[in-house]
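**Q** Okay, predicted coordinates and the sequence, questions at the end:
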Amino acid sequence: MSRHRTNSKLRWSCALAIVLLGIGLPGSLDAQRAAKLSPKVMAALSAPLVEVKDDDPPLLRLKKERFNAVLKEAKARFDLYDRGLTRISELIEVGERLFSAELDLYDQTEQRTQVLQRHLDVYIEAEANLERQVKEGLATQADLERVRYNKLSVEIDLYKAKNPHS
């Protein structure tokens with residue numbers, strides 16, 4: 001394992017919670033306030049920050065600090081969401097940045113491939129959930145296309161990681 005292994009499953013759970021919660025609920029603030037956060041979401045929000053060590057190389061230190069900043073933002077946005085003060089689209093956006101920051105913590109191809117596969121799995125499920133929401137008139141086609149774009153981007157990155165010479 002890499003010296004900067006940092007509770008990857010907990011970080012991924014937070015990103016998963018943001019994306020799945022963000023696209024699995026209706027778009028109105030009243031509907032958002034009515035929805036309860038699942039135990040998995042609550043567990044993800046209590047995930048610890050990545051440990052920044054004194055002997056971390058400068059670039060790794062910055063990457064960890066950036067990840068911690070976006071994780072703190074995600075927790076703050078969930079607090080705003082819980083109080084009915086933010087929209088789903090903001091949760092989706094912070095989830096996108098959380099995915100990006102997590103991926104950037106890893107340099108080894110195998111680690112990056114595993115992270116990308118987890119992200120892709122989230123987007124596949126998120127796309128299916130959002131398709132249902134669009135059919136029910138509870139979400140927009142624009143949000144669905146944003147998720148499709150993100151899913152395809154992850155598929156491209158995963159393909160490149162698995163096939164570096166193609």
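**A** It's in.

**Q** What mean pLDDT does the host helix or strand of I124 get?
**A** Using DSSP states H and E, I124 sits in helix 109-135. Across helix 109-135, the average pLDDT comes to 87.

**Q** Give the next helix or strand downstream of that helix.
**A** Next along from helix 109-135, by DSSP H and E: helix 141-162.

**Q** what angle sits between that following helix and helix 109-135?
**A** 160 degrees (axes from the mean of the first three to the mean of the last three C-alpha atoms, to 10 degrees).

**Q** If you count neighbours, what's buried in helix 141-162?
**A** Using 16 or more other C-beta atoms under 10 Å as the test for burial, helix 141-162 gives D143, L144, R146, V147, N150, K151, V154, D157, L158, A161. The C-beta positions use only the backbone N, C-alpha and C, and glycine is treated the same way.

**Q** Verify the stated contact: the fourth one with A126.
**A** Yes - taking contacts as C-beta atoms under 8 Å, V147 lies within contact range of A126: 5.4 Å.

**Q** Give me the distance between V134 and A74.
**A** 25 Å (C-beta to C-beta, to the nearest Å).

**Q** between the two, who's got more neighbours?
**A** The neighbour comparison of V134 against A74 (other C-beta atoms under 10 Å) goes to A74, with 22 against 17.

**Q** Hmm, that one is touching V94, no?
**A** Yes - if you go by C-beta under 8 Å, A74 and V94 touch, sitting 4.9 Å apart.

**Q** and the helix holding I124, what other elements does it pack with?
**A** In terms of contacts (3 or more C-beta pairs under 8 Å, 6 or more residues apart in numbering; DSSP states H and E), helix 109-135 is packed against helix 8-23, helix 88-103, helix 141-162.
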